[in-house]
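Asker: predicted model follows, preceded by the sequence.
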Amino acid sequence: MTLRGLPRPGGSEPRIFGEPHETPDGTTVITVTSPPGVFAIRDGQAKFEPAVDATRVALLAIGTGLVAATLGTLAVLRRPPWPDLSGRWQH
């Protein structure tokens with residue numbers, strides 16, 4: 001299979017496409033590094049599938065929630081001094 005317009009090894013351009021691989025069902029798969037994912041070509045139709053690590057996204061969301069909960073708890077436990085101040089001014 002020849003892919004026109006793709007950077008070749010040894011060129012000055014960074015290589016963002018991998019070598020094409022054909023699966024047993026006839027699908028051609030080409031890895032892409034920028035943005036990360038793969039092109040799957042089957043029956044003349046190309047489809048890009050981004051490489052997303054769902055576990056990493058979920059862990060990031062859980063970590064963000066834990067940090068927010070910790071900061072909220074600390075804010076409640078360490079009351080600021082201004083509720084104890086009197087609003088009356090003495091002349």
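Answerer: In hand now; what should we look at? Residues are numbered from 1 along each chain as shown.
Asker: can you tell me the SS state at R56?
Answerer: What DSSP: H, G, I helix; E, B strand; the rest coil gives for R56 is helix.
Asker: measure it to E19 for me?
Answerer: For R56, the distance to E19 equals 26 Å [C-beta to C-beta, to the nearest Å]. Heads up, the C-betas are built off the backbone N, CA and C, glycines and all.
Asker: now swap in K47 and tell me
Answerer: With the distance defined as C-beta to C-beta, K47 ends up 19 Å from E19.
Asker: which elements pack onto the helix or strand where T73 lies?
Answerer: Secondary structure from DSSP states H and E places T73 in helix 54-77. Packing contacts for helix 54-77, counted by 3 or more C-beta pairs under 8 Å, 6 or more residues apart in numbering; DSSP states H and E, involve no helix or strand.
Asker: show the average pLDDT along it.
Answerer: Helix 54-77 shows a mean pLDDT of 92.
Asker: pull out the buried residues from it.
Answerer: Of all the residues in helix 54-77, not one is buried under the rule 16 or more other C-beta atoms under 10 Å.
Asker: how many neighbours does R42 have?
Answerer: As a burial measure, R42 scores 13 neighbours (other C-beta atoms under 10 Å).
Asker: residue contacts, the residue lying closest to it once chain neighbours are set aside?
Answerer: Spatial nearest neighbour of R42, excluding adjacent residues (C-beta to C-beta, 6 or more residues apart in numbering): T27 at 4.3 Å. By C-beta atoms under 8 Å, 6 or more residues apart in numbering, the contact set of T27 is 40-42.
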